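**Q** got a predicted structure plus its sequence, pasted below:
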Protein chains: 2
Amino acid sequence: MATTPQPKQPSPELIFDTLNAYQRTRALRAGIELDLFTAIGEGSATAADLARKLNVPERGGRILADYLVVIGLLNKQGSRYGLTPESAKFLDRRSPSYMGTAAKFLNSPELESHFSDLAAVVRKGGSVSPGTMEPGDPIWVEFAHSMVPMMAMPAEFIAGLVGAGSGTAWKVLDIAAGHGVFGITLALRNPNARIVGLDWANVLEVALENARKAGVADRYKTIPGSAFEVDLGSGYDLVLLTNFLHHFDVPTCEKLLRKVHAALKPGGRAVTLEFVPNEDRVSPPTPASFSLMMLGSTPAGDAYTFAELDGMFRNAGFKGSQAHSMPGPETVIVSAA
Amino acid sequence: MATTPQPKQPSPELIFDTLNAYQRTRALRAGIELDLFTAIGEGSATAADLARKLNVPERGGRILADYLVVIGLLNKQGSRYGLTPESAKFLDRRSPSYMGTAAKFLNSPELESHFSDLAAVVRKGGSVSPGTMEPGDPIWVEFAHSMVPMMAMPAEFIAGLVGAGSGTAWKVLDIAAGHGVFGITLALRNPNARIVGLDWANVLEVALENARKAGVADRYKTIPGSAFEVDLGSGYDLVLLTNFLHHFDVPTCEKLLRKVHAALKPGGRAVTLEFVPNEDRVSPPTPASFSLMMLGSTPAGDAYTFAELDGMFRNAGFKGSQAHSMPGPETVIVSAA
């Protein structure tokens, strides 16, 4: 007898999984803290091997490792766990791209606390506290220490994109320099580039230390303070705006961009790194999700679409902007002064 | 010129998304608390409509709604938000299957606190505190109040599976009755079924109230206390073990099952509702993930495979067990005494 196909019944599974999604964060953080990914990177391991290597009871190691397989951060073949290409590159401590430190910033109690009562945030239309926007907020020192590895790839991409290899004498302003990696990478790829890093004084200490370590401290100057208040200087070939505009509303961004425009040489360029969702604002998933990060942690920031960013730059006097996609969740936008 | 396809570069996106996954939980909870799903269920809405209906600033409503689209709990067509089949059935307060209350249990500060230092849990091999296993833990009252809607569908499935419609005179023991919904549904579908609910005394008050509301209180008796310690009675046709065995290790489960076996009539059946992962322990995602819930919140519980459960029942004297899959993340197992 032929059966009529039944429409799939709605299942509560996605809702149940989402109410428990906080455990994904906790599991990854535990894996990083226990250095489980490095242990597996040293050789595929059974639950018993893992327990021995990590010095934990087998029940703990086995359940955590299985969960990390479920959420796509490990593989399992038979009873042996292995790394995925992503966990091998970013979560094995022996990898030069290790980014386990990102958990220290992204899962800091301060940052997570902005989301503990998200209904209140939505009712207010922005962060309930001042968010992360207070002068000298120490969270940006944590950011500068923790987020270097996640930024290494975009920093290299930008250096290539703007033609750092040409060796042209450049004066570069790195606004909200943080760890300094964007400016430092330009200095490394272009021996004739001089960098000015701007950030809170406590954060600049991290950038200066990184510049020293990279051997470019003699070409690294700093301006401590708020980009909205200090004198930016002038005659820049490049101004870097990496992960900065998303913290502010459009009028505030435009005010800053006018100041940036004035600081650039004729023919100079602003280079922006941002989470840029499509015009539908709900794709691709990671940049689109980033709006919620800004809702919770800033009074008025957002993840802006390319049209919005292009509009801001034009209103600030720039001729136009071009978007460049790259591996990872962010986009580089180059705007001509 | 032919180009060689490049292997896809590993991207940090999954790791970044997982470190931020706690925001999925917060966003769904905010949507439930603001009754955003009901507002959209009353008619597809733009961000401006939503802001008016929920009396929140547009920035808050728009960013939350976009995020809920990204994580699959809303649809968006042009600028209008709509419910998915799942959110219409389970998150619109006007639906009889509304399960927004589940957040109160699953995201209670007590339950989430068991995961706040998951590395410590893994090192210990189980919950750092006594977890949720203390006698009379008030979290089970919250459970009993909050989880009814998620259990309505499995309760109806079980009633159909065991043949409640036959009207045979049944004596049913509901172990860890909680809200009482499993026994009460059997009583509703079989007017000749008498139910005995067993749970902590504070929890049984909820079950009794639900039995009164359902009009089956005259066929609902109770045994307060621990299933491991009290006299279960005897001559049962059915013993229900819903979401109970996962809290304990195998020897403890077998000890209880021997007691259950002794309480059943010859020819009686134990009916177990459980999260049952495949033998690989990493699929399907939701039941496999449930092991971590037990690692964090119990000293020695687990999500058991069918082979493990079948083994426990056989060791306790049962003839054998049969698994029945149903919509949703759980499986029903019927074991013959």
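**A** Here it is on my side, so go on.
**Q** so does stretch A:47-61 get close to chain B?
**A** Yes. Part of stretch A:47-61 sits near chain B under the criterion Cβ under 8 Å from any Cβ of the partner chain, namely A:54-61. The way it works is simple: take the backbone N, C-alpha and C, and place the C-beta from them, glycine included.
**Q** and what of stretch A:138-145?
**A** No. With Cβ under 8 Å from any Cβ as the measure, stretch A:138-145 is seen stopping short of chain B, the closest distance being 13.4 Å.
**Q** what does that stretch contact?
**A** By Cβ atoms under 8 Å, 6 or more residues apart in numbering or on different chains, the residues outside stretch A:138-145 that reach it are A:101, A:104-105, A:108, A:110-111, A:132, A:178-180, A:199-200, A:202-203, A:205-207.
**Q** so of those residues, which ones are in strands?
**A** For these, membership in strands holds for residue A:199, with DSSP state E as the criterion.
**Q** are any of the contacts of stretch A:138-145 buried, and which?
**A** Neighbour-count burial (16 or more other Cβ atoms under 10 Å in any protein chain shown) applied to the contacts of stretch A:138-145 gives A:101, A:105, A:108, A:111, A:132, A:178-180, A:199-200, A:203, A:206-207.
**Q** pick out the lowest-pLDDT one from the residues you listed.
**A** Note: of the buried ones among the contacts of stretch A:138-145, the lowest pLDDT belongs to residue A:132, at 71.
**Q** that one and chain B, how far apart?
**A** Separation of residue A:132 from chain B (Cβ to the nearest Cβ, to the nearest Å) stands at 15 Å.
**Q** measure that residue to residue A:281 for me?
**A** Between residue A:132 and residue A:281 the distance is 22 Å, computed by Cβ to Cβ, to the nearest Å.
**Q** return the member of the residues of stretch A:47-61 next to chain B nearest to residue B:270.
**A** The closest of the residues of stretch A:47-61 next to chain B to residue B:270 turns out to be residue A:59 (Cβ to Cβ; 25.5 Å).
**Q** can I assume that closest one sits in a helix?
**A** Yes. Secondary structure assignment (DSSP: H, G, I helix; E, B strand; the rest coil) places residue A:59 inside a helix.
**Q** thinking again about what came up before, and the contacts of stretch A:138-145, which of them are in helices?
**A** Taking DSSP state H as the definition of helices, these contribute A:104-105, A:110-111, A:202-203, A:205-207.
**Q** as CSV, the residues you listed with distance to residue A:256 would be great.
**A** What follows is those, written out as CSV (distance: Cβ to Cβ, whole Å):
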residue, distance to residue A:256
A:104, 28
A:105, 23
A:110, 25
A:111, 23
A:202, 21
A:203, 18
A:205, 24
A:206, 22
A:207, 19
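**Q** which of the residues you listed sits closest to residue B:264?
**A** Closest to residue B:264, out of all of those and judged by Cβ to Cβ, is residue A:111, at 53.5 Å.
**Q** next, the buried residues of the top strand by length along chain A.
**A** Of all segments of type strand in chain A, defined using DSSP E, the longest is strand A:264-274. When neighbours are counted by 16+ other Cβ under 10 Å, the buried residues of strand A:264-274 are found to be A:264, A:268-274.
**Q** what of stretch A:117-132?
**A** For stretch A:117-132, burial by neighbour count (16+ other Cβ under 10 Å) applies to A:117-119, A:121-123, A:125-128, A:131-132.
**Q** residue B:25: which of the residues you listed is nearest?
**A** Nearest to residue B:25, judged by Cβ to Cβ, of the buried residues of stretch A:117-132 is residue A:118 at 9.4 Å.
**Q** for the one helix or strand residue A:209 maps to, packing partners?
**A** Following DSSP states H and E, one finds residue A:209 within helix A:201-214. For helix A:201-214, the packing partners by 3 or more Cβ pairs under 8 Å, 6 or more residues apart in numbering or on different chains; DSSP states H and E come out as helix A:139-146, helix A:181-189, strand A:193-199, strand A:220-224.
**Q** what's the angle between it and helix A:139-146?
**A** With axes from the mean of the first three to the mean of the last three Cα atoms, to 10 degrees defining the directions, helix A:201-214 sits at 10 degrees from helix A:139-146.
**Q** now do helix A:201-214 and strand A:193-199, the angle between them.
**A** Using the same axes, to 10 degrees, the interaxial angle of helix A:201-214 with respect to strand A:193-199 works out to 150 degrees.
**Q** and helix A:201-214 with strand A:220-224, angle?
**A** 170 degrees.
**Q** how far out from the middle of the chain is helix A:201-214?
**A** Relative to the centre of its chain, helix A:201-214 is centred 19 Å away, using Cα atoms, centre = their mean, to the nearest Å.
**Q** tell me what angle that helix forms with helix A:181-189.
**A** Using the same axes, to 10 degrees: helix A:201-214 against helix A:181-189 is 30 degrees.
**Q** which element follows the helix or strand of chain A with the lowest mean pLDDT toward the C-terminus?
**A** The least trusted helix or strand in chain A, going by mean pLDDT, DSSP states H and E, turns out to be helix A:139-146, with a mean of 84. Note on helix A:139-146: by DSSP H and E, the next helix or strand toward the C-terminus is helix A:148-161.
**Q** identify each buried residue in that next one, please.
**A** Using 16+ other Cβ under 10 Å as the burial criterion, the residues of helix A:148-161 that qualify are A:148-159.
**Q** helices and strands around that helix, which ones?
**A** Based on contacts counted as 3+ Cβ pairs under 8 Å, 6+ apart, the elements that helix A:148-161 packs against are helix A:181-189, strand A:236-242, strand A:264-274, strand A:331-336.
**Q** and for the shortest one, what's in contact with it?
**A** In this structure, residues lying in contact with strand A:331-336 by Cβ under 8 Å, 6+ apart are A:154, A:157-158, A:161-162, A:267, A:269-276, A:287, A:306, A:309-310, A:313, A:318-326.
**Q** list the contacts for residue A:323?
**A** A:276, A:306, A:331-333.
**Q** same list (those) but as CSV, adding neighbour count and pLDDT.
**A** As requested, the contacts of residue A:323 are exported to CSV (neighbours: other Cβ atoms under 10 Å in any protein chain shown; pLDDT from 0 to 100):
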residue, neighbour count, pLDDT
A:276, 25, 98
A:306, 17, 98
A:331, 20, 98
A:332, 20, 98
A:333, 22, 98
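**Q** the helix or strand where residue A:122 lies close to chain B?
**A** Of the helices and strands defined by DSSP H and E, residue A:122 is found in helix A:118-124. Yes. Part of helix A:118-124 sits close enough to chain B to count as contact by Cβ under 8 Å from any Cβ, namely A:118-119, A:121-124.
**Q** what does stretch A:246-254 give?
**A** No. Stretch A:246-254 does not reach chain B (Cβ under 8 Å from any Cβ); its nearest approach is 8.9 Å.
**Q** low-confidence ranges in chain A?
**A** Flagging of chain A using pLDDT under 70 yields the residue ranges A:1-8, A:131.
**Q** hmm, try it at 90
**A** Scanning chain A for pLDDT under 90 picks out the ranges A:1-11, A:44, A:96, A:104, A:110, A:128-150, A:152, A:327-328.
**Q** in the stretch 101-250 of chain A, what residue lies closest to chain B?
**A** Distances from the stretch 101-250 of chain A to chain B, computed as Cβ to the nearest Cβ, single out residue A:125 as the nearest residue at 2.9 Å.
**Q** now that residue, nearest residue through space, not along the chain?
**A** With Cβ to Cβ, 6 or more residues apart in numbering or on different chains as the criterion, residue A:125 has its nearest non-adjacent residue at 2.9 Å, and that residue is residue B:57.
**Q** mind listing what the one you found touches?
**A** Each residue near residue B:57 by Cβ under 8 Å, 6+ apart is listed here: A:123-126, B:51.
**Q** closest one of the residues you listed to residue A:9?
**A** Using Cβ to Cβ, residue B:51 is the member of the contacts of residue B:57 that lies nearest residue A:9, at 33.2 Å.
**Q** can you list contacts of the helix or strand hosting the closest one?
**A** When elements are assigned from DSSP H and E, residue B:51 belongs to helix B:47-54. With contact meaning Cβ under 8 Å, 6+ apart, helix B:47-54 is reached by A:122, B:34-36, B:39-40, B:42, B:45, B:56-58, B:60-62, B:65, B:79, B:81.
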